[in-house]
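K.L.:
Quick one: sequence and predicted model below, then my questions.
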Amino acid sequence: MAVERPLLEINHLETAFRVTDDYYNAVDDVSLTLENNEILAIVGESGSGKSTLATSIIGLHDPNNTQIKGEVIYKDINLLDLNETLYNKIRGNDIGMIFQDPLGSLNPLMTIHDQIEETLVYHSDMDDKQRTNRVEQLLDQVGIPNPKRVMQQYPHELSGGMRQRVVIAIALANKPPIIIADEPTTALDVTIQAQILDLMNDIQDETGSGIILITHDLGVVAQTADRVAVMYAGQIVEEATVEELFGNPKHPYTRSLLNSVPHELEDENDELHVIQGTVPSLQNLPRRGCRFAPRIPWIPAETHEEDPVLHEISPGHKVRCTCWQHFHFEGEEEQ
Amino acid sequence: MGFIEVKDLKVHYPIRGGLLNTIQDYVYAVDGINLSIESGKTYGLVGESGSGKTTIGKSIIGLEEITSGNVIYEGVDVTNKARSRRGQYRDYNRDVQMIFQDSTSALNPKKRIIDVIAEPMRNFFNYTPQEEKKRIIELLEIVGLNEEAMYKYPHEFSGGQRQRIGVARAVASNPKLIIADEPTSALDLSVQAQVLNFMRNIQTEYGLSYLFISHDLGVVQHMSDYIAIMHRGRFVEQGTSREIYKNPQHIYTKRLLSAIPEMDPTIRKELKAERERVEKEYQEFEDQYYDENGRVYDLRPLNDNHYVALKPAEEGGK
């Protein structure tokens, strides 16, 4: 019996952008897998390469200014080898995408009905009537009240939460096995955010799709994801199940990040943890050695690996570099 | 009594239309709120988009015309007087400053940092150039930037650094109250931590008060002594931070609190159940919390530290 392959397999993906005359990797040697019926969260701060990773998977980069290496394997095809025509068959049909800004991803001149229908026109052989029925069904599925009326409306007539539901409906239209959601709730209020996340969970239970959820919000990750990959400066620094990552974080970056979340004050001198220094720009990024080392200067240099790789420290829990074994916060004793 | 008293503040925007472009109706952006600000304290203002929280901040500092109600600053009525150049309002103009959400558009791109920070000083104090420079270096140090920053332009800084320059500028006129409108919502977690820490340090150093406007309940809880929850232009609940988070009474507050994604993946099911329970309660008892026009009731004291807008007993409330 053949070994079952994961739904999506990313192998040694490198995405480089051109800055003046040189190319710099924004995503640097990322390998990940996505299984059926799984929510994989990719967390990181701005500039960590998480969105670039998403857009690389669905091939939205301008080939004149980007170089992509590696493999993105879906159904035994490497998506990166496809030309535009073939890629367009995959996008929307096999991979649905949800962007952060719902107003920006909807066409202001098209009715809601026409926008959702568009993807059905491209990817299915339904007739007019079937398509309209499907649109209505989709709007109902994403929890929009009175779908018959909303279908005839334009994006500006809907609230932010409703617009995001429409975007989700478009992503779901062809029942894609993979959905990529890039900060789907960042622009929304908390109560709406909770509704949208519940909705995504429900849809996943129904359809069994694999979802890649890209976010900077650790709370959202804790409440929705099954597995988490933490990105820093283009690399994955830690990968684990959600329980493991929040219960037993290892990499210094993950631990620092978790410590800087605002919380209820314990006393007057209670301060949030601040990570020293800043994320280096693409050109100034050190390409050798531990990329997080400059931000934890109190950790001795010899504890870092020369060329840090991901180590599997327990089944499914991977950590980059060896410095985590000796990591302690500044001012605290090494354990 | 606070040094700033906001009394029955209302900001209504006219909706024009019809044949002669006459006023057809009003949007009740802020509809009768009271606030008393004491020195050295932080007041959190929480609400969803469109609840009117930013309008309150803007009308206190004078960027928004107040329809009715008063802002009293140390006994002087300063309602709609922020643009006045008259001497009696000078203290108010100097002592109330603001930090904006978007640091890029809040700083003039053509001005060097030295001029950005010096502007409030030039307006209110007669410093010599040497004194001015000394003070700017001091301010930059407080927010963790070095002297070289003075001669750079805003675009040369990262988002977090720019927001800290915004904090330095707000502090430059030695204000008593800083209105911070979503100061960290555009920032990454670790940078947000930095800015929040600086804001708290400055507060202890200068005895500042903050009116902290945010939709992020975690940040507000971290920063605030007192919290007011806003909905539809009115306060639904007001009290000490502890009271509001530990003992929410209004259905809207409960809904907001139950929607916060907690950082603990092991309690997912419980949170979801709680969310669903509150949502059900909201569907069933919504009319208990809003009058027939959907307006929030007046605040009534629950105890000394906690006010909540529940249906008055004479109308059949609990």
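P.N.:
Alright, I've got the coordinates. Because the structure is a prediction, the values reported are computed rather than measured.
K.L.:
okay, CA-based contacts and neighbour counts for the rest of this
P.N.:
Fine.
K.L.:
Closest to the centroid, which residue in chain B?
P.N.:
B:Ile213 (2.8 Å; CA atoms, centre = their mean).
K.L.:
Pretty sure it sits against B:Ile178.
P.N.:
No - using CA atoms under 8 Å, B:Ile213 makes no contact with B:Ile178, being 10.7 Å away.
K.L.:
The closest residue to chain A within the stretch 1-150 of chain B in helix, strand or coil?
P.N.:
Closest contact between the stretch 1-150 of chain B and chain A, by CA to the nearest CA, is at B:Glu48 (5.8 Å). Classification of B:Glu48 by DSSP: H, G, I helix; E, B strand; the rest coil places it in coil.
K.L.:
check contacts around it.
P.N.:
Taking CA atoms under 8 Å, 6 or more residues apart in numbering or on different chains as the contact definition, B:Glu48 lies against A:Asp189, A:Val190, B:His215, B:Met230, B:His231.
K.L.:
Tally up the residues packed near the first one, please.
P.N.:
Summarising burial for A:Asp189: neighbours were counted as other CA atoms under 10 Å in any protein chain shown, giving 19.
K.L.:
Please state the backbone phi and psi of the closest residue to it other than its chain neighbours?
P.N.:
Closest residue to A:Asp189 apart from its sequence neighbours, by CA to CA, 6 or more residues apart in numbering or on different chains: B:Glu48 at 5.8 Å. Note on B:Glu48: backbone dihedrals following degrees, to the nearest 10 are phi -80, psi 170.
K.L.:
Next to chain A, which bits of chain B? Give me the list.
P.N.:
Residues of chain B lying near chain A by CA under 8 Å from any CA of the partner chain: B:48-49, B:188-191, B:193-194, B:196-197, B:215, B:218-219, B:221-222, B:255-256, B:259-266, B:268.
K.L.:
hmm, which of these are the buried ones?
P.N.:
Among the residues of chain B next to chain A, those buried by neighbour count (16 or more other CA atoms under 10 Å in any protein chain shown) are B:48, B:188-191, B:193-194, B:196-197, B:215, B:218-219, B:221-222, B:255-256, B:259-265, B:268.
K.L.:
need the next SSE after the lengthiest helix in chain B, C-terminal direction.
P.N.:
Secondary structure of chain B read by DSSP state H shows that its longest helix is helix B:268-289. Going down the chain from helix B:268-289, the next helix or strand is strand B:300-303, by DSSP states H and E.
K.L.:
Need the contact partners of that next one.
P.N.:
Against strand B:300-303 from outside (CA under 8 Å, 6+ apart): B:Tyr307, B:Val308, B:Ala309, B:Leu310.
K.L.:
ok, now how distant is the last one from B:Gly239?
P.N.:
The span separating B:Leu310 from B:Gly239 equals 14 Å under the rule CA to CA, to the nearest Å.
K.L.:
Got phi/psi on the residue positioned nearest the centre of chain A?
P.N.:
In chain A, the residue lying closest to the centroid (CA atoms, centre = their mean) is A:Ile214, at 2.2 Å. The phi and psi torsions at A:Ile214 (degrees, to the nearest 10) take the values phi -100, psi 130.
K.L.:
what does the one 3 residues further on give?
P.N.:
The phi and psi values for A:Asp217, taken as degrees, to the nearest 10, are phi -90, psi 110.
K.L.:
Which residue, other than its chain neighbours, is closest to it?
P.N.:
Take A:Asp217 and drop its neighbours on the chain: the residue closest to it by CA to CA, 6+ apart is A:Val43, 7.5 Å away.
K.L.:
which residues touch the nearest residue to B:Ser39 once chain neighbours are set aside?
P.N.:
Nearest non-adjacent residue to B:Ser39, counting by CA to CA, 6+ apart: B:Ser209, 5.3 Å away. Listed by CA under 8 Å, 6+ apart, the contact set of B:Ser209 reads B:Ile37, B:Glu38, B:Ser39, B:Gly40, B:Lys41, B:Thr42, B:Tyr43, B:Lys176, B:Leu177, B:Ile178, B:Gln203.
K.L.:
how about those residues in a markdown table, adding pLDDT and neighbour count?
P.N.:
Formatted as a markdown table, the contacts of B:Ser209 follow (pLDDT from 0 to 100; neighbours: other CA atoms under 10 Å in any protein chain shown):
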| residue | pLDDT | neighbour count |
| --- | --- | --- |
| B:Ile37 | 95 | 20 |
| B:Glu38 | 94 | 18 |
| B:Ser39 | 93 | 15 |
| B:Gly40 | 93 | 17 |
| B:Lys41 | 94 | 19 |
| B:Thr42 | 96 | 25 |
| B:Tyr43 | 96 | 26 |
| B:Lys176 | 94 | 23 |
| B:Leu177 | 95 | 29 |
| B:Ile178 | 95 | 24 |
| B:Gln203 | 92 | 21 |
